[in-house]
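# From the sequence below, what's the structure:
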Amino acid sequence: MDERRKERDRRLELFNRLMEQAGLDALIFTSTAQQTCQMAVKYATNYTLNTRRDFAYMARGGMLNLLVPTVGQQFHARTLSWLPEENIRCGDMLQEVLAFIRSLPQEHPRIGLYEPKELPICIYRELTDTNAEFVDITARLTELRAPKSEYELELIRAASQIAVGSFEWVLKHIRPGVTEQEIVGGAEGFLRARGAEDSLVLIRAEKPHTFITRAQNKPIRPNEVFVYSCEMAGPGGYWTQMVRPIFLERGCAPEAYEVLQVIREALAAGEAAARPGNRICDVDEAIAQVVKKRGCHAGVWSGHGMGADLGDGIDIGAPNKMELKPNMILTLHPSVVGRSDGLLYGNTYAVTETGVQNLTDAYTGSSYLEDLLEEMG
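Next up, the predicted model:
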């Protein structure tokens, strides 16, 4: 049995376990091609939607079915998905889903929906006008799929190496006078040429350096800091992130460099807290304590999860009490603000039995451009 088939069956087992635990008779997933709204059907079927919306559904103990909007997508899905060809169809998707609900033997079937709040109200009304009871499975499924299989871990490791390579491309081409858009455009091209299925490359090239944004048609200035954040889904659709500041000249932006040392210390504390048995909120608290002790302020976030989705439905913050387990993937990128400047720096980690493994472990020493180039060789 090939690796894809084994992974498909593992997920079917996971879905059936969820249904047994929650007393459900069936599951229905729906996604759109919009970034961060693709995960549900993609995770279930291994098919990434190109345009519009799609659906997947399964009865307890049965095989998944995939509904796509066009004949062209049906052709591609039968090539790319791990479902049997006969389980991939196109047509009036909503009517097929309603027919599936009516076909269930239970008089009032209990059906799990992932992220029902994202459904258009017209679709939600059609579903809830049936005799079924719908249950929000978002939190349950997020927690069940958080520990990654070896199949998933390999995809994330491969994506992480491509992200590191894109940073090296930036190091080779960045110089005063080149525009932000030229740098980001080249980095995006590097990612796509190596099979990236999706990406979100953000930067910051002016003070304050705490909050990354989309590139603008502005020339990069000398004596400045360029923050490069590469979030990307590699071949196979699994996400990673690497954030690195580049100090273009030695001694420039001294306050940002001071903040960088605080971030390194905070990141080390977060890494130490990210071990099985602790909770997501413990990681956030470990980072926050260092930032406060060093007289700085925490920015918007400490990080998030990663996986089949950008963020994977896991925010690293005080409200999140999810327990850490081996093979979970976390991106830690503390956003720290000093007196008048700040910075962002971070890596993607796999939680192990004894701690974390840094999947983007490169260029973690000096952040001055000349040192980074020397390290790159």
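
# buried sites along stretch 169-180?
For stretch 169-180, burial by neighbour count (16 or more other CB atoms under 10 Å) applies to W169, V170, L171, I174, E180. Using the backbone N, CA and C atoms, a C-beta is placed for each residue, glycine as well.

# Contacts for it, please.
With contact meaning CB atoms under 8 Å, 6 or more residues apart in numbering, stretch 169-180 is reached by 182-183, 186-187, 190, 203, 205, 215-222, 226, 228, 246, 248, 369, 372-373, 376.

# Are there helices or strands packed against the helix or strand containing I263, and which ones?
Taking DSSP states H and E as the definition, I263 sits inside helix 254-273. The helices and strands touching helix 254-273, judged by 3 or more CB pairs under 8 Å, 6 or more residues apart in numbering; DSSP states H and E, are strand 239-247, helix 280-293, strand 329-332, strand 335-337, strand 342-344.

# how does it look with 7 Å?
helix 280-293, strand 335-337, strand 342-344 (3 or more CB pairs under 7 Å, 6 or more residues apart in numbering; DSSP states H and E).

# deepest of the ones you listed, which one?
Per-stretch averages of neighbours, counted by mean count of other CB atoms under 10 Å, single out strand 342-344 among those, with a mean of 27.

# for that one, what is the average pLDDT?
Here strand 342-344 scores 94 as its mean pLDDT.

# tell me how far that strand is from the chain's mean position?
Put simply, strand 342-344 sits 21 Å off its chain's centre (CA atoms, centre = their mean, to the nearest Å).

# just to revisit the earlier point, adding pLDDT, write the buried residues of stretch 169-180 out as a markdown table.
Below are the buried residues of stretch 169-180 laid out as a markdown table (pLDDT from 0 to 100):
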| residue | pLDDT |
| --- | --- |
| W169 | 98 |
| V170 | 98 |
| L171 | 98 |
| I174 | 98 |
| E180 | 98 |
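
# what's the closest non-adjacent residue to T32?
Spatial nearest neighbour of T32, chain neighbours left out: R53 (5.0 Å); criterion: CB to CB, 6 or more residues apart in numbering.

# give the contact list for the one you found.
T30, S31, T32, P69 (CB atoms under 7 Å, 6 or more residues apart in numbering).
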